[in-house]
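# Return a 3D structure for these sequence lines:
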Amino acid sequence: MTDTASSLTMSFRQAAESDLSELVRLRDAAAHWQIERGIDQWKPGELGRSHFRARLHDGEVWIATLGPEGPTAGAWELWWDDLAAWGEQPPVAGYVHRLMVDRMTAPSGAGLIMLAEAEQRIFAYGRAICRLDCLANNARLRRYYEDAGYTVVGEQPSKNGDGGKSYGVTLLEKHLGAV
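Okay, the predicted model is just below:
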């Protein structure tokens, strides 16, 4: 990353069909980064265009760029319910999934900046809690979210996730204020 890239302001927009290849690239790059560091969370090739296309239709997918027209810095999914991890819940939360940072272009702290943007979007939608989950055995990611103000509120020992596989997750949430 260059000094120029780190000085640019991040911009945010909802993803479109034209972003599907970029979303797959981001996900695969994040998976490679995790594997290189011994983090057993994502696998390259695990999620393709069909996954992100479904997320575009079922929820929100956001792209972060460096400046309004700059290169992609990252992306995330924002859901309004998450039955697989959280079960039936009253409509008080938004759920962040697949927070992805482009390690080649994103400025330092980009993940936290994107998470804060997701929290603002959730609050603007009229919900007071941001929820997310991570693999139960991913202590590094759990610590990252706890350092960002999230509290562990439970464990889901057998979340049914993408591709029909089941795995344990840690459930975390952050109260955003009164709505």
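# can we go C-alpha only for contacts and neighbour counts from here?
OK.
# For Glu146, see how far away the closest residue to Gln41 other than its chain neighbours is.
Distances taken as CA to CA, 6 or more residues apart in numbering place Leu135 nearest to Gln41, at 6.7 Å, with adjacent residues excluded. Leu135 sits 14 Å away from Glu146, going by CA to CA, to the nearest Å.
# With Gly111 instead?
13 Å.
# same question, Phe52
From Phe52 to Glu146 the distance is 27 Å (CA to CA).
# Leu99: what's it in contact with?
74-77, 111, 114-115 (CA atoms under 8 Å, 6 or more residues apart in numbering).
# Let's see that with 7 Å instead.
Leu99 makes contact with 75-76, according to CA atoms under 7 Å, 6 or more residues apart in numbering.
# cool, Glu119 as well?
Here Glu119 is in contact with Cys130 (CA under 7 Å, 6+ apart).
# Now the strand or helix carrying it: buried residues?
In this assignment (DSSP states H and E), Glu119 forms part of helix 110-124. For helix 110-124, burial by neighbour count (16 or more other CA atoms under 10 Å) applies to 110-112, 114-115, 117-120, 122-123.
# how far is that helix from where the chain is centred?
Distance of helix 110-124 from its chain centroid, counting by CA atoms, centre = their mean, to the nearest Å, is 10 Å.
# next SSE after that helix?
Sequence-wise, the next helix or strand downstream of helix 110-124 (DSSP H and E) is strand 129-135.
# Which elements pack onto that following strand?
Strand 129-135 makes packing contacts with strand 93-101, strand 166-175 when contacts are defined by 3 or more CA pairs under 7 Å, 6 or more residues apart in numbering; DSSP states H and E.
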